[in-house]
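Got a predicted structure plus its sequence, pasted below:
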Amino acid sequence: MALCFMEGNEAIAWGAFEAGCRFFAGYPITPATTIYNTMLRLLPPAGGICLQAEDEIASIGFCLGASMAGMKVLTATSGPGISLYSEQISFAVGSEIPLVIVDVQRLGPSTGSATRGADGDVQFLRWGNSGGLPVIVLAPVDVGDCFSLTMEAFNLAETYRCPVFVATNKEIAMTRESVDWDKLRRAEPVGRRLCPQGADFLPFGVEKGRQVPDFLPIGNRRLVRQTSSTHGPDGYITTDPVQIGANQKRLLEKIESRAERFTFYEEMAVKDARTLVVCYGVTARAARLAVAQLQRKGQAVSLLILKTLWPVPARLIAEKAAGCRRVVVVEMNMGQYVREIERVVAPLPVGFYGQMNGELIGPEKIMEVIAHG
Amino acid sequence: MASFLNSERPPVFCPGCTHKNVTEALDKALQQLGLAAQEVVIVSDIGCSGLFDTFFNTHALHGLHGRALTYATGIKMARPELKVIVTMGDGGLGIGGAHLLSTCRRNPDLTLLVLNNFNYGMTGGQCSPTTPPDAVVGSGFLNRLEIPLDVVKVTRAAGAGFVSRLAAHRPELADEIAKGIEFEGFSVIDIWGICPGRYSRRNKLTPKSLEARIEALEKASGPVAENVREEYGAHYRRLAAGQEPARPPRPVKAVFEPPQKRPWRVLVLGRAGQRVVTAGELLCLAAMTAGMHATQKNDYPITVLRGHSVCELVLSPEPVDYTGIDVPDVVIALAPEGVARRKAVFQRLKPDCLVLRDAEVSIASTPAEVLAVDFRKARIKAADHALAALAALAFRNLVLSPAMLKAAVEHRFQGAVRAAALAVVEAMSGGG
């Protein structure tokens, strides 16, 4: 065992670097700034690019340009910055620009509290783009996850040509912890699929049986078009409802129909559980202690920790809840992801506890919610 | 040389629109420079200027209103060999004002063509940042309340390397664009034009009157002597090449046995200037030298050298799940600021908890054992109180041992800092 001591933000930067990310642009904001600081140490000496933009709109704009020029790109911010990213996120969704966005969540609403944690953006990340098409959101539990899930996020962004969020929390991002560095899970980095030499290239052309267009970078020998307007396969504006409709359906299905390939989770299951506790993010750590204690007492309680929040891993949740009498959801907001759980496990009753006061939800509280909530 | 214009998508502008002149001039400029289509990227955003990318057979990126310069900067940094041309209207200029100013300050090798026709043509002729106050526009009286932005003055003041202003119908426009593209730095060409669909229907504007207006203003044609400097990307690459490579995370060797094989929850209550956060890290590293796991949460205000500094440290033989501390096992009270921040905690402490306090810091009554340490007697400076408190624990073989603490110091520091820290530890060997 070789333990290193670092915070979640540093681990995210290293995960991005190992995934092949060589372009970062950001704007300073607590509690995300140390990702930028770490990228600034990592990228320039490695021939990469790390930029500080004039605002969040520009930082994600730089990333979109660099991604279209073929680079793996990362940006990182917190809730107020995600708000400013919104129009560019819509662009990345609709125009299939690979990009990893870290949201180090802090207590909101609005500027809220810069140094207090929360998980208040989990619905915002899903629905904060115009048009409402799906995105992928991964949620780390600890520093090790920050590293491993960031590597996964890059592979997903490249594979599906879409923005992928890593939804972390000040409580993971700026908490340092010992981590067995060499033993961290490292997904083999993959790049986006390039249009083969000699094949006809259409910027948004999709072969039969595939749902993601082949990529060519701006600057390639074959000319590349990118546009935020409603477009056909050739990248020019279209008003053809058949073409538009087919494209929207493809953008939806390329993410949702493959959800099971990137459903990351962890569980502490007991046979014949009567209660299933569902948690994610830093709250899952307290839930582990709470559920372990109850299990030691012989109580039939299982824990499911979701690390892929969007698309909702509905089949997994339904499977784990099967046979239970009730489900309990605990999260660091006033009730967001519980809506998805209620929808998926209906008609099972769902107990809920939400807290958004800048403090961690402790194991005692979770045990109380399991007993009475 | 062949035209770059897309024969399948001929320009579609309102009759008499001078955007057509700019389209043709840009095509001519690209031909004059002998560029290949794949060397050129046209980046556009919203408005009639946003149609440009479709008229040319080059690489193209069309994005959100006012953000063209942000995409262009990303492309240029990723692919420095490309010629990146940005088209933007006076509307995009306004909504993307921060990007315009910042691009001028950076001086990347981009060429910005401002298609300046004094109104938002596409949405019905509302006033833009360049609309004169006496114009009649689709915004009622509101343009009378604002003065127009002088693109030349602003971009020169902000640091653009190349600034020109001329009317769209001028025969030298193609040459001016070619010069802008050739210039190694940020080129801004403020091209004044006529929007017959919206603007000149209600405002008398002819090529002649347009030229007269330009004549009356500061002249601008080409490099701005005081702003000519190294191009942003080249400058970035030059400085980046001199940066030291980052060192990979350094593992801590686990070589000791901890004095007690149990979890510890330690709360350090200090103030800025006592190096509380560093001491917290040292305690975690010390625990790691004995194979323990550790977490550190810090709480301090935005001010430097003033206010509280609080650390929550969890050390455990098992990986740490919950990083919060409801009831600590050890409290180190070093300053009233930190004590005030967690004043409720003292009541909650168990009798087998230990409070190690600076002899001069008072705390609320508590069921825990309280131990006062006199840092002044041991001649410890305020900046070393937190480290000295760890040493006081270590010499009692509580939580950590002196060997663990010294190993942590040696892992964390080198040279003179290491020697000074070790001296602080040694100074506490008498118990403080």
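It's in.

Are we agreed that B:Phe13 is in a strand?
No. Under DSSP: H, G, I helix; E, B strand; the rest coil, B:Phe13 sits outside any strand and is assigned coil.

Need the per-residue pLDDT for B:Val228.
At B:Val228, the predicted lDDT confidence score is 98.

ok, now which ones touch B:Glu410?
Going by CB atoms under 8 Å, 6 or more residues apart in numbering or on different chains, B:Glu410 touches B:Arg418, B:Leu422. C-beta here means a position set from N, CA and C on the backbone, and glycine is covered the same way.

Please report how far it lies from chain A.
Using CB to the nearest CB, to the nearest Å, one obtains 15 Å as the distance from B:Glu410 to chain A.

can you list the residues of the stretch 1-150 of chain B near chain A?
With the criterion set to CB under 8 Å from any CB of the partner chain, the stretch 1-150 of chain B comes near chain A through B:9, B:37-38, B:41, B:43, B:53-54, B:57-64, B:67, B:69-79, B:81-82, B:98-99, B:101-102.

run the last query once more with 7 Å
Neighbours of chain A within the stretch 1-150 of chain B, by CB under 7 Å from any CB of the partner chain: B:37-38, B:41, B:54, B:57-64, B:67, B:70-75, B:77-79, B:82, B:98-99, B:102.

for the helix ranked longest in chain A, packing partners?
Longest helix of chain A, by residue count under DSSP state H: helix A:143-160. With contacts defined as 3 or more CB pairs under 7 Å, 6 or more residues apart in numbering or on different chains; DSSP states H and E, the packing partners of helix A:143-160 are helix A:8-18, strand A:99-107, strand A:136-138, strand A:163-169, strand A:176-180.

and A:Val345, how many residues sit next to it?
Other residues lying near A:Val345 total 22 when counted by other CB atoms under 10 Å in any protein chain shown.

ok, it - contacts?
Remark: with contacts taken as CB atoms under 7 Å, 6 or more residues apart in numbering or on different chains, A:Val345 is in contact with A:Ile317, A:Ala318, A:Ala321, A:Val327.

run the last query once more with 6 Å
Counting by CB atoms under 6 Å, 6 or more residues apart in numbering or on different chains, A:Val345 makes contact with A:Ala321, A:Val327.

do you know how far it is from A:Phe165?
Between A:Val345 and A:Phe165 the distance, using CB to CB, to the nearest Å, works out to 24 Å.

what does A:Val135 give?
6 Å.

So which of these two has more stuff around it?
A:Phe165 (26 against 21).

where does chain B dip in pLDDT?
Residues of chain B meeting the criterion pLDDT under 70: B:431-432.

Tell me which residue lies nearest the centroid of it.
B:Ser102 (12.1 Å; CA atoms, centre = their mean).

same for whichever strand or helix holds it, what does it pack against?
Taking DSSP states H and E as the definition, one finds B:Ser102 inside helix B:97-106. Here helix B:97-106 touches helix B:68-78, helix B:151-158, going by 3 or more CB pairs under 6 Å, 6 or more residues apart in numbering or on different chains; DSSP states H and E.

Which parts of the chain belong to which domain?
The chain I'm using is chain A. Domain ranges of chain A: A:1-262, A:265-372, per automatic domain parsing.

I was after chain B.
Using automatic domain parsing, the domains assigned to chain B come out as B:19-241, B:264-427.

Just give the nearest non-adjacent residue to A:Arg22, would you?
Excluding its sequence neighbours, the residue lying closest to A:Arg22 (CB to CB, 6 or more residues apart in numbering or on different chains) is A:Gly48, at 3.6 Å.

Mind jotting down where the strands sit in the stretch 251-400 of chain B?
B:264-271, B:293-299, B:308-316, B:330-333, B:354-358, B:369-373 (DSSP state E, counting those that start in this stretch).

circling back to that earlier point, tell me the mean pLDDT over the longest helix of chain A?
Here the average pLDDT along helix A:143-160 is 98.

Only C-alpha atoms, please: export it in CSV.
Extracted C-alpha coordinates of helix A:143-160, given in CSV (Å, rounded to 0.1, in the frame of the first residue of the first chain):
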residue,chain,number,x,y,z
VAL,A,143,-10.8,11.2,-3.9
GLY,A,144,-10.2,7.9,-5.6
ASP,A,145,-13.5,8.3,-7.5
CYS,A,146,-12.6,11.8,-8.5
PHE,A,147,-9.6,10.4,-10.3
SER,A,148,-11.2,7.3,-11.8
LEU,A,149,-14.5,8.8,-12.8
THR,A,150,-12.8,11.7,-14.5
MET,A,151,-10.9,9.2,-16.7
GLU,A,152,-14.3,7.5,-17.4
ALA,A,153,-15.8,10.9,-18.2
PHE,A,154,-13.3,11.6,-20.9
ASN,A,155,-13.9,8.2,-22.5
LEU,A,156,-17.6,8.8,-22.5
ALA,A,157,-17.3,12.4,-23.9
GLU,A,158,-15.1,11.1,-26.7
THR,A,159,-17.2,8.0,-27.4
TYR,A,160,-20.6,9.7,-27.4
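
Counting neighbours, what do you get for the closest residue to B:Thr103 other than its chain neighbours?
Nearest residue to B:Thr103 in three dimensions, chain neighbours excluded: B:Leu69, at 4.9 Å (CB to CB, 6+ apart). When neighbours are counted by other CB under 10 Å, B:Leu69 registers 31.

check contacts around B:Leu69.
By CB under 6 Å, 6+ apart, the residues touching B:Leu69 are B:Val86, B:His99, B:Thr103.

Try it again at 7 Å.
Contacts of B:Leu69 by CB under 7 Å, 6+ apart are B:Val86, B:Gly96, B:His99, B:Leu100, B:Thr103, B:Leu112.

and which of those residues is nearest to chain A?
B:His99 (5.6 Å; CB to the nearest CB).

State the distance from the residue nearest to the closest one when sequence neighbours are not counted to B:Ile95.
Nearest residue to B:His99, sequence neighbours excluded (CB to CB, 6+ apart): B:Leu69, at 4.4 Å. According to CB to CB, B:Leu69 and B:Ile95 sit 11 Å apart.

So for B:Asp384, which of the domains of chain A sits nearest?
domain A:1-262 (21.2 Å; CB to CB).
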